[in-house]
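> Any chance you could fold what I've pasted below:
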Amino acid sequence: MRNKNTKRTVGLVASVAVPLAVLLFVVAEHSGWIDHWRGLDEVQQVADRFDLSYAPDASRPVYPEDAEWKPTIALIRKYSKVKLRTDKQPQTIARFKATLSTNETPAGFEWSSPSTPFGVLYRRWPQNSGVNIPLDDFAVVGTIGDLQNWIAQSRADFHFLINDVLLGILAIAFGYWVWRMDRDIPGAASAIAGNLQPGAGRPDKPPSGIPRGVNE
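Numbering: from 1, shown residues only. Below you'll find the model as predicted:
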């Protein structure tokens, strides 16, 4: 009986927990909570700022004390083909001059070419930069188009990890537990059947109405 109850419990959890986990993940993903938790909303602010060339806050650099710094530098380290130096600490993430841009003032629209490069500088920029920055003090890590693509790729990778891998493993684990319960039940049934064999657990008193010794 205990095995049957355990099986029912595991089956109920498997049928409810996995769909519920998928639902909660979808809601958290579409509400933006996961992006906020992972810092991607702050990286998106950087990408949107780097897309601008004329607005007051256009292309403002990112510094280590900024909230956007940690998730942005982590995204660069993960997706950029350019490896950052290990003997120097990055101090600025900045966009270079746009290769092509336009500004439609009456419509409030501006556009910068996605091929505009941005980089990591190993010095505080624009302070203490001098006339020219030495080549070993900065690295072009990608374009502003790449940064938007990295954000989308990070979302897709996390979705795959949670929705496809972890939830898939969870479903397999619940299925395995149910299989174990199915496998254990025959053993329990055999033990119960053994107690019901002739002579096993024979009552001391015969059924009412039948004198002892009759048909023995």
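> Tell me who's in contact with Ser154.
When contacts are counted by CB atoms under 8 Å, 6 or more residues apart in numbering, Ser154 touches Arg38, Leu40, Leu75, Lys78, Tyr79. Where you see a C-beta, it was placed from the backbone N, CA and C, and this is true even at glycine.
> Show me where the chain has its helices.
2-31, 33-38, 40-50, 69-79, 144-159, 167-195 (DSSP state H).
> ok, back up a step: of the contacts of Ser154, which is the nearest to Ile93?
Taking CB to CB as the measure, Ile93 lies nearest Leu75 of the contacts of Ser154, at 10.3 Å.
> number of nearby residues for the closest one?
23 (other CB atoms under 10 Å).
> shouldn't it be in contact with Val43?
Yes - the criterion here is CB atoms under 8 Å, and Leu75 meets it with Val43 at 5.7 Å.
> rewinding a little: hey, least reliable of the helices of the chain by pLDDT?
The weakest mean pLDDT among the helices of the chain belongs to helix 167-195, with a mean of 59.
> Residues contacting stretch 35-44, please?
With CB under 8 Å, 6+ apart, stretch 35-44 has contacts from 32, 67-68, 70-72, 74-75, 147, 151, 154-155, 158.
> possible to save the residues you listed as TSV with distance to Ala139?
As requested, the contacts of stretch 35-44 are exported to TSV (distance: CB to CB, whole Å):
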residue	distance to Ala139
Gly32	31
Ala67	23
Glu68	19
Lys70	18
Pro71	19
Thr72	14
Ala74	16
Leu75	15
Leu147	15
Ile151	20
Ser154	20
Arg155	25
Phe158	26
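> hmm, back to that, what's the PyMOL syntax to select whichever of the contacts of Ser154 are buried?
Burial among the contacts of Ser154 is assessed by 16 or more other CB atoms under 10 Å; the matching PyMOL selection reads:
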select buried, resi 38+40+75+79
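> With distance to Asp164 as extra columns, can I get the contacts of Ser154 in CSV?
As requested, the contacts of Ser154 are arranged in CSV below (distance: CB to CB, whole Å):
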residue, distance to Asp164
Arg38, 17
Leu40, 19
Leu75, 21
Lys78, 19
Tyr79, 20
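> ok so, going back, which one of the contacts of stretch 35-44 is nearest to Asp57?
Nearest to Asp57 among the contacts of stretch 35-44, with distances taken as CB to CB, is Glu68, at 12.4 Å.
> Now the closest one. Nearest residue, chain neighbours left out?
Glu42 (4.2 Å; CB to CB, 6 or more residues apart in numbering).
> picking that back up, please identify which of the contacts of stretch 35-44 is nearest to Glu104.
Ranked by distance to Glu104 (CB to CB), the contacts of stretch 35-44 are led by Leu147 at 23.2 Å.
> I'd guessed the closest one sits against Ala47; true?
Yes - using CB under 8 Å, Leu147 is in contact with Ala47, at 4.7 Å.
> the more surrounded of those two?
Neighbours per residue (other CB under 10 Å) separate Leu147 from Ala47, with Leu147 holding more: 26 against 23.
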